[in-house]
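Enquirer: My questions are about this predicted structure, shown below with the sequence.
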Amino acid sequence: MEPIIIEGTKKTPDINFNAGTGILQIEGRSIPENSIEFYKPMVDWLDEYANSPSEKTVVNIKLEYFNTSSSKCILDVFKKLEDIHKAKKDVVINWHYEEDDEDMLEAGEDYQSILKIPFKMIEIEE
């Protein structure tokens, strides 16, 4: 399965989903004009990945900021990962946030409360 790599812009995050390593990364800012269109390739990729996921899937989220429409799409991505976790595969989400960024910490905690996937809150020193 081909990795999905999308180079970030001022409005969209860097994306690197690699089925071979089981490492999925989203990093940067997520304020695209059309969040659904931007995140669709990742959701589709995860549908295919779910057919034969790695024994362990590690998801690194390092977002500086995301808008409301992105938050719904990120939840859709997490729900696909939750399905993989329910299929008895090891999935962990590493939610990175800057030490003074209470909003980003709360966003991670909100996702954690909605989903049944192990989350690790990782504070980044500025």
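Expert: Alright, I've got the coordinates. Residues are numbered from 1 along each chain as shown.

Enquirer: show me where pLDDT drops low in the chain?
Expert: Screening the chain residue by residue with the criterion pLDDT under 70, one finds no matching range.

Enquirer: which strand is the longest one in it?
Expert: Counting residues, the longest strand in the chain under DSSP state E turns out to be strand 56-66.

Enquirer: Scan this protein for its longest helix.
Expert: Taking DSSP state H as the criterion, the chain has its longest helix at helix 68-86.

Enquirer: Can you name every helix or strand that the helix or strand following it contacts?
Expert: Sequence-wise, the next helix or strand downstream of helix 68-86 (DSSP states H and E) is strand 90-98. Contacting strand 90-98 under the criterion 3 or more C-beta pairs under 8 Å, 6 or more residues apart in numbering; DSSP states H and E are the following elements: strand 56-66, helix 68-86, helix 102-114, strand 119-124. C-beta here means a position set from N, CA and C on the backbone, and glycine is covered the same way.

Enquirer: Between those, which one is closest to Glu33.
Expert: The stretch from those with the least distance to Glu33 (C-beta to C-beta) is helix 68-86; that distance is 9.5 Å.

Enquirer: and that closest one, C-alpha only, in PDB?
Expert: C-alpha atoms of helix 68-86 as PDB (Å, rounded to 0.1, in the frame of the first residue of the first chain):
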ATOM      1  CA  THR A  68     -13.900  23.900  13.600                       C
ATOM      2  CA  SER A  69     -14.400  22.200  10.300                       C
ATOM      3  CA  SER A  70     -11.000  20.500  10.600                       C
ATOM      4  CA  SER A  71     -11.900  19.300  14.100                       C
ATOM      5  CA  LYS A  72     -14.800  17.200  12.600                       C
ATOM      6  CA  CYS A  73     -12.600  15.800   9.900                       C
ATOM      7  CA  ILE A  74      -9.900  14.900  12.500                       C
ATOM      8  CA  LEU A  75     -12.600  13.100  14.500                       C
ATOM      9  CA  ASP A  76     -13.500  11.200  11.300                       C
ATOM     10  CA  VAL A  77      -9.900  10.100  11.000                       C
ATOM     11  CA  PHE A  78      -9.800   9.100  14.600                       C
ATOM     12  CA  LYS A  79     -13.000   7.100  14.200                       C
ATOM     13  CA  LYS A  80     -11.400   5.000  11.400                       C
ATOM     14  CA  LEU A  81      -8.500   4.400  13.800                       C
ATOM     15  CA  GLU A  82     -10.900   3.400  16.500                       C
ATOM     16  CA  ASP A  83     -12.400   0.800  14.200                       C
ATOM     17  CA  ILE A  84      -8.800  -0.600  13.700                       C
ATOM     18  CA  HIS A  85      -8.400  -0.600  17.500                       C
ATOM     19  CA  LYS A  86     -11.700  -2.400  18.000                       C
END
